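1. I would like the atomic coordinates for the input below:
(one chain, ligands or ions: 1)
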Amino acid sequence: MSSNDTLQRLADVIASRRAGDPDKSYVARLFHKGTDAILKKIGEEATETVMAAKDGDREKIVYEVADLWFHSMIALAQFDLSPADVLRELERREGLSGLEEFAARKAQARDQQEAP
Ligand SMILES: N=c1c2ncn([C@@H]3O[C@H](COP(=O)(O)OP(=O)(O)OP(=O)(O)O)[C@@H](O)[C@H]3O)c2ncn1[C@@H]1O[C@H](COP(=O)(O)O)[C@@H](O)[C@H]1O
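-> Numbers count the residues shown, from 1 in each chain. Model prediction:
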């Protein structure tokens, strides 16, 4: 079983919770609270990830990144997106050096500024 399958299975459960009962499901409750509440959780989980990493606690890093991915997936669903969309973007970037991509973006911005 691939990790893509795991992400997609979780995405399916998350999608099924959009019409769920907020009293019976954590995900349904978060959807019910709305976008700001979802984004707040992402901020919290990102901070907790940073703190775990600063402590060098490998087990905690995995735990917090799982929380971060999970809440990011709820945000994706909130905007009708899925892990497949993110994986496609990562695949598009495959083999493209981050430094080259950065330089290309800078050059493009410069060209746009200089255009009459
Ligand atoms: N992967 C997860 C998952 N990861 C984390 N969490 C919940 O996310 C919350 C994380 O919040 P915190 O760490 O901040 O802990 P907290 O103190 O409970 O939250 P706050 O009071 O601080 O807001 C906890 O309540 C966790 O239980 C998750 N809840 C659900 N899932 C998956 O989603 C599925 C659907 O869940 P329900 O919608 O609850 O049925 C489950 O079967 C799981 O597969």
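2. what about the helices in the protein?
-> 3-16, 26-33, 35-55, 58-78, 83-93, 98-114 (DSSP state H).
3. Report the inter-axis angle for the second one versus helix 58-78.
-> Orientation check (axes from the mean of the first three to the mean of the last three CA atoms, to 10 degrees): helix 26-33 against helix 58-78 gives 50 degrees.
4. how about helix 26-33, does it get close to the ligand?
-> Yes: counting by CB under 6 Å from any ligand atom, the ligand is contacted by helix 26-33 at 26-28. The C-beta positions use only the backbone N, C-alpha and C, and glycine is treated the same way.
5. which of those residues has the most neighbours?
-> Val27 (22 neighbours; other CB atoms under 10 Å).
6. leaving aside the residues next to it on the chain, what's closest to it?
-> Arg17 (3.8 Å; CB to CB, 6 or more residues apart in numbering).
7. Dump the residues of helix 26-33 next to the ligand to JSON lines, plus pLDDT.
-> Putting the residues of helix 26-33 next to the ligand into JSON lines (pLDDT from 0 to 100) gives the following:
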{"residue": "Tyr26", "pLDDT": "98"}
{"residue": "Val27", "pLDDT": "98"}
{"residue": "Ala28", "pLDDT": "98"}
